[in-house]
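K.L.:
fold the following, please.
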Amino acid sequence: MPRTRFIPITPETLTWAIRESGWHREELVERLGVTSEVLRSWEDGTAQPNLTQFRTIANTLKRPAALFLLPEPPSLLGPIVEFRHPPDVGRAALVPDELTKLRTTTRLQRTASWISRELRHDAVRLPHVRIASDSEQAAGAARIVLAIDVAEQAAWKSSSLAFAAWRTATHRLGVLVFCLPLGRDACRGFSVWDDQAPVIVVNTWWNVEARIFTLFHEYGHLLTRTNSACIRSAAQLRLDGGDLAERWCERFAAALLLPWGPVEQFLTRQMGWQPGRMLRTLDELRTLARRFRVSLRAAALRLIEKEVATWDLYGAIPEWSDQKPAAGGGGGRPRLAIREDEWGARATSLFIAALDEGLMSRADVLSHLDVADTDLDTMARFPSSS
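P.N.:
As a prediction, this is how the structure comes out:
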């Protein structure tokens, strides 16, 4: 009968990985299929997991198996990202799936930043804006830098084209914009500053209009250098105190997407609005949102900020308004298309350049982008435009 093989994991590394994972111990032992006593014995070094248990640990904690054999926990610290949420969310920390996506994102970011330096690219020159500054002025300055005027915005035929154009404009400034499936209950987005490769992550569970608002909400966090993971924040605007950074980014994003001069002109000429009249109906809100390719919530926040609507209008927006339409049938999208959408043109072009210049091996690029070998050739010939 074959002998059971036990794996000599490093107890301190296991404890570190558990702490970094976000799992509560009760949930973790259930996933691992062991008792709390067994898990404690692995952590204090009085016992070792067998091979099957070892693989389950690595898979559950989303870490390379080799990490648990290191003599000590890795010294490389992840970014300090503040979880920003209204009081009614019911949790005060990121959950394991969010932490996993954050680790994946920052791994790509660190490598992209290194590639950018090796290629002698200039540092990203986004201004550093204080939260105490005027969000309206910051939004106006940001639109100039993004180089998209209101006429171009109004000419977009769909919200998908709008998001693609905003994303491309953000890429031109050196920002990596990742679009990842985080899920309904996860953060709508998060942002991590780096002077060579700042990153914004947008949760694709929500519809395109909601993603556009998330993109510029997180862009606001980059400008203020407030690394953040944001779950839902409009309620913060209604608080006397609350999270000042979150409130600033909400106002900034709404002002950027809905510059008041053109909005006021549209309200007056196309909707018969007159100064002093409040907008109260969802139909009016939808008309404005469609014109500027924004979500109902973004439009409502802008009107409230300008005292043209009240929070009653915001409260009338259906809960499902930001949700993505149900998908139809079909065989699913190719893996290459999914990865190109997830990582975007800025990131993929950096990795292809690293391969072309001999900075990275083909195997390393494949590992970072998580694509098949033949897909990499396609990406090299036809870089993503998103």
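K.L.:
contacts for stretch 111-122?
P.N.:
Here stretch 111-122 makes contact (C-beta atoms under 8 Å, 6 or more residues apart in numbering) with 174, 176, 194, 196-197, 347, 350-351, 353-354, 357, 359-360, 368. In this view, the C-beta of every residue, glycine as well, is placed from N, C-alpha and C.
K.L.:
got the buried residues for that stretch?
P.N.:
Thr111, Ala112, Ser113, Trp114, Ile115, Ser116 (16 or more other C-beta atoms under 10 Å).
K.L.:
all strands of the stretch 51-200 of the chain, in order?
P.N.:
82-84, 176-180, 189-192, 199-203 (DSSP state E, counting those that start in this stretch).
K.L.:
in its sheet, what does the third one sit against?
P.N.:
Strand pairing for strand 189-192, determined by DSSP bridges: strand 199-203 (antiparallel), strand 228-230 (antiparallel).
K.L.:
what about that strand, distance to the chain center?
P.N.:
Mean-position distance between strand 189-192 and its chain equals 5 Å (C-alpha atoms, centre = their mean, to the nearest Å).
K.L.:
wait, Glu209 sits on Ala299?
P.N.:
No. Counting by C-beta atoms under 8 Å, Glu209 sits too far from Ala299 to count as a contact (9.3 Å).
K.L.:
these two: which has the busier surroundings?
P.N.:
Neighbour count, other C-beta atoms under 10 Å: between Glu209 and Ala299, Ala299 has more, with 30 against 25.
K.L.:
got a list of what the more buried one touches?
P.N.:
Counting by C-beta under 8 Å, 6+ apart, the residues that Ala299 touches are Leu258, Leu285, Leu288, Ala289, Phe292.
K.L.:
could you find the closest non-adjacent residue to the first one?
P.N.:
Translated: Leu258. Excluding the flanking residues, the one nearest Leu258 by C-beta to C-beta, 6 or more residues apart in numbering is Arg302, at 4.3 Å.
K.L.:
what's the answer for the third one, then?
P.N.:
Of all residues not flanking Leu288 in the chain, Ala299 sits nearest, at 4.9 Å (C-beta to C-beta, 6+ apart).
K.L.:
okay, the one you found: pLDDT?
P.N.:
pLDDT for Ala299: 96.
K.L.:
circling back to that earlier point, I'd like to know which of the contacts of stretch 111-122 are buried.
P.N.:
174, 176, 194, 196-197, 347, 350-351, 353-354, 359-360, 368.
K.L.:
let me see the mean pLDDT of the helix or strand hosting Ile212.
P.N.:
When elements are assigned from DSSP states H and E, Ile212 belongs to helix 208-224. The predicted model assigns helix 208-224 a mean pLDDT of 97.
K.L.:
figure out how far that helix is from the centre of its chain.
P.N.:
From the chain centre to the centre of helix 208-224 is a distance of 9 Å (C-alpha atoms, centre = their mean).
K.L.:
how about stretch 28-44?
P.N.:
32 Å.
K.L.:
the spatially closest residue to Ser228 that is not a sequence neighbour and Thr105, how far apart?
P.N.:
Once flanking residues are discounted, Ser228 sits nearest to His221: 4.6 Å by C-beta to C-beta, 6+ apart. Between His221 and Thr105 the distance is 14 Å, computed by C-beta to C-beta, to the nearest Å.
K.L.:
list the ones among the contacts of Ala299 that fall in helices.
P.N.:
Those of these mapping onto helices are Leu285, Leu288, Ala289, Phe292, per DSSP state H.
K.L.:
neighbours of the first one, how many?
P.N.:
Per other C-beta under 10 Å, the neighbour tally for Leu285 reads 22.
K.L.:
give me the contact list for stretch 305-320.
P.N.:
234, 238, 251, 254-255, 260, 267, 273, 277-282, 285, 296-297, 300-301, 303-304.
K.L.:
what mean pLDDT does that stretch have?
P.N.:
Per-residue scores along stretch 305-320 average to 93.
K.L.:
and the end-to-end length of it?
P.N.:
Using C-alpha to C-alpha, to the nearest Å, one end of stretch 305-320 lies 23 Å from the other.
K.L.:
tell me how far it lies from the chain's centre.
P.N.:
25 Å.
K.L.:
so how far is stretch 55-72 from its chain's centroid?
P.N.:
26 Å.
K.L.:
just the CA trace of that stretch, in PDB.
P.N.:
Provided in PDB are the C-alpha atoms of stretch 55-72 (Å, rounded to 0.1, in the frame of the first residue of the first chain):
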ATOM      1  CA  ARG A  55      -3.500  21.200  -3.700                       C
ATOM      2  CA  THR A  56      -6.800  22.200  -2.100                       C
ATOM      3  CA  ILE A  57      -5.100  24.800   0.000                       C
ATOM      4  CA  ALA A  58      -3.400  26.400  -3.100                       C
ATOM      5  CA  ASN A  59      -6.600  26.300  -5.200                       C
ATOM      6  CA  THR A  60      -8.700  27.800  -2.400                       C
ATOM      7  CA  LEU A  61      -6.300  30.500  -1.400                       C
ATOM      8  CA  LYS A  62      -5.600  31.300  -5.100                       C
ATOM      9  CA  ARG A  63      -1.800  31.100  -4.700                       C
ATOM     10  CA  PRO A  64       0.900  29.200  -6.600                       C
ATOM     11  CA  ALA A  65       1.700  25.900  -4.800                       C
ATOM     12  CA  ALA A  66       5.400  26.800  -4.700                       C
ATOM     13  CA  LEU A  67       4.600  29.800  -2.500                       C
ATOM     14  CA  PHE A  68       3.800  27.600   0.500                       C
ATOM     15  CA  LEU A  69       7.200  26.000   0.300                       C
ATOM     16  CA  LEU A  70       9.100  29.300   0.600                       C
ATOM     17  CA  PRO A  71      11.100  29.600   3.800                       C
ATOM     18  CA  GLU A  72       9.100  32.800   4.800                       C
END
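K.L.:
many thanks, I have nothing further to ask.
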